[in-house]
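> just the structure for this:
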Amino acid sequence: MATIKVAVLGCGMMGQEHISYMLGYDDIHVKFLCDPSEESTEKALSLLQHKETPTVITKEKDLLERVEDIDLLVIATPNFLHTPQLLRWAKHPISILCEKPVAISEKQVRALRAACHTFKANIWVGMEYRFIPAIQKLIQLLPRIGPIKKISIRENRYPFLNKIGEWNKDVDKSGDTLVEKCCHFFDLFRLLSRSEMHTCSAKVHRGLLWDNYNYHEREDDPTPIIDAAYVLMDFLPPIDFDVDGDNYHCHGGESKADDSSRPLYRPHPSHQQATMGCLELCMFAEGSRHQEEIIVTGMEGRLEAYLPENKVFYYKRPNRTEWSDRSKPPPPSAIKEEITDCSDLGKVYPFADEIPQHCGYHYCSTAIEWKYLIDQIKAHREGGAFRPQVSLNDGISAVEMGINAMMNITNKCEAESRLQPIVACSTQSSDQLVNLAIQFAVQQQHQQKQREIEAAVDGGVPMRRKASLEKIAESKEACEDNTII
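The predicted structure is shown next:
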């Protein structure tokens, strides 16, 4: 099998993280590094330790001219560049690993949705939190807790780190914190609930880290990014169970009808029983015992994952035999606890000994992501399908959840209520790309309406119906034209 020729577009912190893991795979050949910052490329080159001698390029357009010599492109640039770069590169038949978030504004989301069906590239989105050992173990244990009703994700951490140009503290370059940081968590909410968000509301703190982020030194009166948040959400119900008389059927479990293990949960259609989620974020909580906590509660048990402890706790709810006297709290003997220490990767991943394990920033999850990605590229080369574990749709959906949360902030002050929706910072050329993608989609929709009208005429549809179709097409076209800005 030929090596996979890789180009890294963006050699900052995440670009360097990817390079550090690529070195552990013999299938990878780092052929190009592209970044306008000499400091970043020098750090990237130092990681390679002369094991690779990539060509260093400072301009993306020069790298694009070498596309035929690239098998895999890693996009690890500032957030606002991801969408235009995907629009430029995805029309070529290569593989792309794009760091999160894939978009930062409603307009960028519309452009990706409009253009994605024309993409020739195989796209994998860098949502490596899915592969953190403790989180992956929690996912593996989900069938044991029955229908999921509550998901709580909490992050108590340090402020954003310094980056070149401090783009991650700029709303129009990062997408703001609920998109930049929390798209990881919104992706986990979708994955754990196996459903889409229905409604949400949020409360936030903004500007508490004004001095920490040196906003006071700027002369452009910036909008500070979000420093803390609570986001409450509910989800459309997944089909995870059914009830048949006294028998209970759940994914991963067996039907049981004896009295001691009768179902703990019998859904009633008239009650509010959809899965609920709560995201808690604090960006000024250095020194917390747990930086991340993921807690999932089902009708038969509960799972708790803690980081950096890297452990998962499983609790089984007692049945009526184990907790017979319901006038008293359940006895300690009725509570079953299992603890899995996921710092031993072999307890989570059978291929643990085959991957580099120097941890990096995300508990080895980036190494696991690369293992899966390389496997898919190989499968595709052999004529199979490329099946990303995190698809472009997954990446877009997580961004949309963050945007919706920001649109539903309920404690805005008067100044914040006048804030406009995020407009991604862009160059003239990248903005033209986004507009062209949206315009193309509008034209396609207009042509589809015209075909429907023509088919109606050919099929002998009454003139009144034809006129109605024409009127609908015209009104939709006008409405869609108004969305292009």
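> which parts of the stretch 201-350 of the chain are helices?
For the stretch 201-350 of the chain, applying DSSP state H, counting those that start in this stretch gives no helices.
> what sits against the residue minimising distance to the centre of the chain?
Closest to where the C-alpha atoms of the chain average out (C-alpha atoms, centre = their mean) is residue 187, at 4.0 Å. Contact partners of residue 187, counting by C-beta atoms under 8 Å, 6 or more residues apart in numbering, are 100, 127, 129-130, 390, 394-395, 397-398. Quick note: C-beta positions are derived from backbone N, CA and C, even for glycine.
> off-centre distance for the helix or strand encompassing it?
Using DSSP states H and E, residue 187 falls within helix 183-193. Mean-position distance between helix 183-193 and its chain equals 7 Å (C-alpha atoms, centre = their mean, to the nearest Å).
> ok, now stretch 364-371?
Stretch 364-371 sits 16 Å away from the centroid of its parent chain (C-alpha atoms, centre = their mean).
> what's the average pLDDT for it?
Averaging pLDDT along stretch 364-371 gives 95.
> just the C-alphas of it, formatted as CSV.
What follows is stretch 364-371, C-alpha atoms only, in CSV (Å, rounded to 0.1, in the frame of the first residue of the first chain):
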residue,chain,number,x,y,z
CYS,A,364,-4.8,10.3,23.0
SER,A,365,-8.0,10.8,21.2
THR,A,366,-6.3,12.5,18.2
ALA,A,367,-4.2,9.3,17.8
ILE,A,368,-7.4,7.2,17.8
GLU,A,369,-8.9,9.6,15.3
TRP,A,370,-5.9,9.1,13.0
LYS,A,371,-6.1,5.3,13.3
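> numbering from 15 from now on, please.
Taking 15 as the first residue, the last one we looked at is stretch 378-385.
> what strand or helix carries residue 214?
Using DSSP H and E, residue 214 sits within strand 211-220.
> next, the angle from that strand to helix 197-207.
Strand 211-220 and helix 197-207 are oriented at 150 degrees to each other (axes from the mean of the first three to the mean of the last three C-alpha atoms, to 10 degrees).
> residues contacting strand 211-220, please?
Strand 211-220 has contacts (C-beta under 8 Å, 6+ apart) with 192, 200, 203-204, 237-250, 288, 291, 415, 418-420, 422-425, 430.
> same check on stretch 372-385?
Identification of contacts with stretch 372-385 by C-beta under 8 Å, 6+ apart yields 27, 31-32, 34-36, 38-39, 42, 140, 142-148, 150, 321-322, 324, 359, 363, 365, 368-371.
> among these, which ones are in helices?
Secondary structure from DSSP state H places 27, 31-32, 34-36, 147-148, 150 of the contacts of stretch 372-385 in helices.
> now the residues you listed as a markdown table including pLDDT?
Output for these, formatted as a markdown table (pLDDT from 0 to 100):
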| residue | pLDDT |
| --- | --- |
| 27 | 94 |
| 31 | 95 |
| 32 | 96 |
| 34 | 93 |
| 35 | 93 |
| 36 | 93 |
| 147 | 96 |
| 148 | 97 |
| 150 | 97 |
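> farthest pair within those?
Using C-beta to C-beta, these reach their maximum pairwise distance at 36 and 148, which is 24.2 Å.
> doesn't residue 206 make contact with residue 153?
Yes - Residue 153 is within contact range of residue 206, at 7.2 Å (criterion: C-beta atoms under 8 Å).
> quick revisit: of the contacts of stretch 372-385, buried ones?
Neighbour counting with 16 or more other C-beta atoms under 10 Å marks 27, 31-32, 34-36, 39, 42, 140, 142-148, 150, 321, 324, 359, 363, 369-370 as buried within the contacts of stretch 372-385.
> pull the number of nearby residues for the closest residue to residue 304 other than its chain neighbours.
Leaving aside its sequence neighbours, residue 304 sits nearest to residue 320 (C-beta to C-beta, 6 or more residues apart in numbering; 4.8 Å). Applying other C-beta atoms under 10 Å, we find 19 residues neighbouring residue 320.
> then residue 108?
For residue 108, the count of nearby residues is 20 (other C-beta under 10 Å).
> ok, residue 241 - how many residues close by?
Residue 241, neighbours per other C-beta under 10 Å, totals 21.
> swap in residue 114?
Applying other C-beta under 10 Å, we find 25 residues neighbouring residue 114.
> residue 318 too?
Around residue 318 there are 19 residues (other C-beta under 10 Å).
> with residue 169 instead?
Number of residues near residue 169 (other C-beta under 10 Å) recorded here: 22.
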